[in-house]
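Novice: here's my sequence, what's the structure:
(one chain, ligands or ions: 1)
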Amino acid sequence: MNGTVQNAPKVGFVSLGCPKALVDSERILTQLRVEGYAIVPSYDAADVVVVNTCGFIDAAVEESLDAIGEALEENGRVIVTGCLGKRAELIRDTHPDVLAISGPQDYSSVLAAVHAALPPKRDRFTDLLPVPDDGVGIKLTPKHYAYLKISEGCNHRCTFCIIPSMRGDLVSRPVDEVLVEAEKLVRGGVKELLVISQDTSAYGVDLRYAERTWRGSPRRTRMTELCAALGELGAWVRLHYVYPYPHVDEVIPLMAEGRILPYLDIPLQHASPRILKLMKRPGAVDKVLQRIQAWRAACPDLTLRSTFIVGFPGETEAEFGELLDFIEAAQLDRVGCFAYSPVDGAKANDLPDPVPEAVKQERLERFMTMQARISAARLAAKVGRELDVIVDEVSQGRAIARSSADAPEIDGVVHVHGAGGLRPGQFARVRVRAASEHDLEADLV
Ligand code: SF4
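Specialist: Numbers count the residues shown, from 1 in each chain. Prediction:
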């Protein structure tokens, strides 16, 4: 990692959790580097270690507690931040020796804790050095793609989720601020912007869609306007965590016109109106199906990704059947599915009739078997077609690339043959020769 200076105070950093937490890590690291800290890749070399934690599900809590334990064992001086920081008593009970604990996006507290544990060294030369001049700070993703966080928090109260209690209500970043950051990222070599938040379609509602100026013209702090402006930057733009509000329809024309990627990550969670009501999610399933059909008619290349929960408290076999009928009808491209697991502090824990673990697992398997068939068939339909891809890695004449249908980390990839001349971050045109359940095999055109 950049920024290692021989006499500089040295910070080790462990980043856990979702892309939103990753963006928090990038901000903290950037600020530390600006202040003259060196970021080091090992416990041994560090004077203090910051652990950015996740607290979303029980497994993540455990992973975070383990990571704190490891850092304490290997280094001894540990500062904890991130989502699990909201549960300071739990951390203190397990690891009483941590130096400080702060919650998500509490940049000033974590920086203050680092200053207290390891004062920044004032240096009359380095103090005058400008901020690293790529203008984008430290990024934890490869150079050619970047997460663009447009808001924090969420105004929904889905009963299975504790994110609003950890991260608070929606707070959007004004549109000009987001666009200036996006511009800098693109200038710094980023070719793909991954728009993230807890609820991308609610963007700007807290600011009453405030109008700002960017590139000399007025822009509103609103999802559609933000997407249209991002589409002017010449990079791929991919939307994540789009809650299924009606105005999502507005971005489909931008996708059809090629201004942003025809890709929509829209967590639907279930298809039974009663279960959706128990989850406090929008429940008009017929309308969702109609809208999916309309989106595909307007933008035939649209890739739809979604996530679902099976075995939610009270889910009957018939209601699970409704979900299977829905996924058969919707023919989604990419789907994640989880067996419901209670999250400490979530309202859904109080609901009656929990589904027995074995039934949950059996439903999960049936769901995944059905969806695997659908996803595989949708990929197989691409054989023989030409696609544009972005290259992530090249080795021994083969590239691992992604098409508009593939978000990094969560979706499949395109294995490109005869690609020795390509470089990471480059775009290429390929012809698909074969498909598996998740990935494609292709040749350079
Ligand atoms: S919309 Fe997402 S973040 Fe907000 S409460 Fe629901 S699941 Fe949690």
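Novice: CA atoms for contacts and neighbours, from now on please.
Specialist: Will do.
Novice: a strand runs through residue 432, doesn't it?
Specialist: Yes - secondary structure of residue 432 (DSSP: H, G, I helix; E, B strand; the rest coil): part of a strand.
Novice: okay, the residue lying closest to it once chain neighbours are set aside: pLDDT?
Specialist: Counting by Cα to Cα, 6 or more residues apart in numbering, residue 442 is the residue found nearest to residue 432 once chain neighbours are left out, at 4.1 Å. Each residue has a pLDDT score; the one for residue 442 is 97.
Novice: wait, doesn't residue 442 sit right on residue 419?
Specialist: No - assessed by Cα atoms under 8 Å, residue 442 is found out of contact with residue 419, at 10.0 Å.
Novice: got the contact list for the residue nearest to residue 432?
Specialist: Neighbouring residues of residue 442 by Cα atoms under 8 Å, 6 or more residues apart in numbering: 414-417, 430-434.
Novice: quick check: phi and psi at the residue lying closest to residue 149 once chain neighbours are set aside.
Specialist: Spatial nearest neighbour of residue 149, excluding adjacent residues (Cα to Cα, 6+ apart): residue 196 at 4.9 Å. Main-chain dihedrals, residue 196, degrees, to the nearest 10: phi -130, psi 160.
Novice: one more: the one 5 residues further on?
Specialist: Phi and psi for residue 201, reported as degrees, to the nearest 10, are phi -70, psi -20.
Novice: neighbours around it, how many?
Specialist: 22 (other Cα atoms under 10 Å).
Novice: so how far is residue 172 from it?
Specialist: Distance, residue 201 to residue 172, by Cα to Cα, to the nearest Å: 11 Å.
Novice: please apply the same query to residue 242.
Specialist: 14 Å.
Novice: swap in residue 71?
Specialist: Counting by Cα to Cα - residue 71 and residue 172 are separated by 34 Å.
Novice: kindly report the same for residue 227.
Specialist: 15 Å.
Novice: and for residue 443?
Specialist: Using Cα to Cα, we find residue 443 at a distance of 42 Å from residue 172.
Novice: what's the answer for residue 273, then?
Specialist: Residue 273 is 30 Å from residue 172, by Cα to Cα.
Novice: neighbour count winner among those two?
Specialist: A side-by-side neighbour count of residue 273 and residue 172, using other Cα under 10 Å, places residue 172 first with 24 against 18.
Novice: which positions within the helix or strand harbouring residue 372 qualify as buried?
Specialist: In the assignment (DSSP states H and E), residue 372 maps to helix 357-380. Neighbour-count burial for helix 357-380 flags 360-361, 363-364, 367-368, 371-372, 374-380 (criterion: 16 or more other Cα atoms under 10 Å).
Novice: if we can go back for a sec, show me what contacts the residue nearest to residue 149?
Specialist: 19-20, 147-151, 239-241.
Novice: swap in 10 Å and give it another go.
Specialist: 19-20, 23, 147-152, 238-242 (Cα atoms under 10 Å, 6 or more residues apart in numbering).
Novice: show me those residues that map onto helices.
Specialist: 19-20, 23 (DSSP state H).
Novice: most neighbours among those residues, which one?
Specialist: Going by other Cα under 10 Å, residue 23 tops those with 22 neighbours.
Novice: hang on, it packs against residue 105?
Specialist: Yes - Residue 23 lies in contact with residue 105 (Cα atoms under 10 Å); the separation is 9.4 Å.
Novice: list residues touching both of residue 442 and residue 419?
Specialist: Joint contacts of residue 442 and residue 419 (Cα under 10 Å, 6+ apart) are 399, 430.
Novice: which parts of the chain sit against the ligand?
Specialist: Residues of the chain found near the ligand (Cα under 6 Å from any ligand atom) are 154, 156-158, 161, 163-164, 198-199.
Novice: the residues you listed: which two are farthest apart?
Specialist: 161 and 199 (12.9 Å; Cα to Cα).
Novice: what do residue 201 and residue 172 both touch?
Specialist: residue 222.
Novice: sorry, back to before: as CSV, the contacts of residue 196 with pLDDT would be great.
Specialist: Compiled in CSV, those are given as follows (pLDDT from 0 to 100):
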residue, pLDDT
19, 74
20, 76
23, 80
147, 91
148, 94
149, 93
150, 96
151, 94
152, 90
238, 98
239, 96
240, 94
241, 93
242, 94
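Novice: which of those lies closest to the ligand?
Specialist: Looking at those and their distance to the ligand, the nearest is residue 241, at 7.7 Å (Cα to the nearest ligand atom).
Novice: tell me the domain boundaries of the chain?
Specialist: 10-117, 145-381, 385-444 (the TED database).
Novice: per-stretch mean pLDDT over those, give me the minimum one.
Specialist: Taking the mean pLDDT of these, domain 10-117 comes last: a mean of 87.
Novice: in the stretch 301-445 of the chain, what residue comes closest to the ligand?
Specialist: Counting by Cα to the nearest ligand atom, the stretch 301-445 of the chain gets nearest the ligand through residue 346, at 10.1 Å.
Novice: quick check on that residue: phi, psi?
Specialist: phi -80, psi 140.
Novice: count residues in the vicinity of it, would you?
Specialist: 16.
Novice: how about the contacts made by it?
Specialist: Here residue 346 is in contact with 157-163, 165 (Cα under 10 Å, 6+ apart).
Novice: now the helices for this structure?
Specialist: Under DSSP H, the chain gives helices at 19-34, 58-74, 88-94, 107-117, 163-167, 175-187, 223-230, 252-256, 273-279, 285-298, 317-330, 357-380.
Novice: gap between the fifth one and the chain center?
Specialist: The offset between the C-alpha centroid of helix 163-167 and the centroid of the whole chain comes to 16 Å, using Cα atoms, centre = their mean, to the nearest Å.
Novice: show me what it is packed against.
Specialist: Here helix 163-167 touches no other helix or strand, going by 3 or more Cα pairs under 10 Å, 6 or more residues apart in numbering; DSSP states H and E.
Novice: how close does the closest residue to the ligand within the stretch 1-150 of the chain get to residue 442?
Specialist: In the stretch 1-150 of the chain, the residue that lies nearest the ligand is residue 56 (9.6 Å; Cα to the nearest ligand atom). From residue 56 across to residue 442, the span is 37 Å (Cα to Cα).
Novice: next one: residue 209
Specialist: 43 Å.
Novice: same deal with residue 376?
Specialist: 16 Å.
Novice: just the C-alphas of stretch 17-30, formatted as PDB.
Specialist: The C-alpha coordinates for stretch 17-30 follow below in PDB (Å, rounded to 0.1, in the frame of the first residue of the first chain):
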ATOM      1  CA  GLY A  17     -18.100  -6.000   6.000                       C
ATOM      2  CA  CYS A  18     -20.100  -4.700   3.000                       C
ATOM      3  CA  PRO A  19     -19.000  -2.200   0.300                       C
ATOM      4  CA  LYS A  20     -20.400   0.600   2.500                       C
ATOM      5  CA  ALA A  21     -18.000  -0.300   5.200                       C
ATOM      6  CA  LEU A  22     -15.200  -0.500   2.600                       C
ATOM      7  CA  VAL A  23     -15.900   3.100   1.600                       C
ATOM      8  CA  ASP A  24     -15.700   4.100   5.300                       C
ATOM      9  CA  SER A  25     -12.300   2.300   5.500                       C
ATOM     10  CA  GLU A  26     -11.100   4.200   2.400                       C
ATOM     11  CA  ARG A  27     -12.100   7.500   4.000                       C
ATOM     12  CA  ILE A  28     -10.300   6.800   7.300                       C
ATOM     13  CA  LEU A  29      -7.200   5.500   5.500                       C
ATOM     14  CA  THR A  30      -7.100   8.500   3.200                       C
END
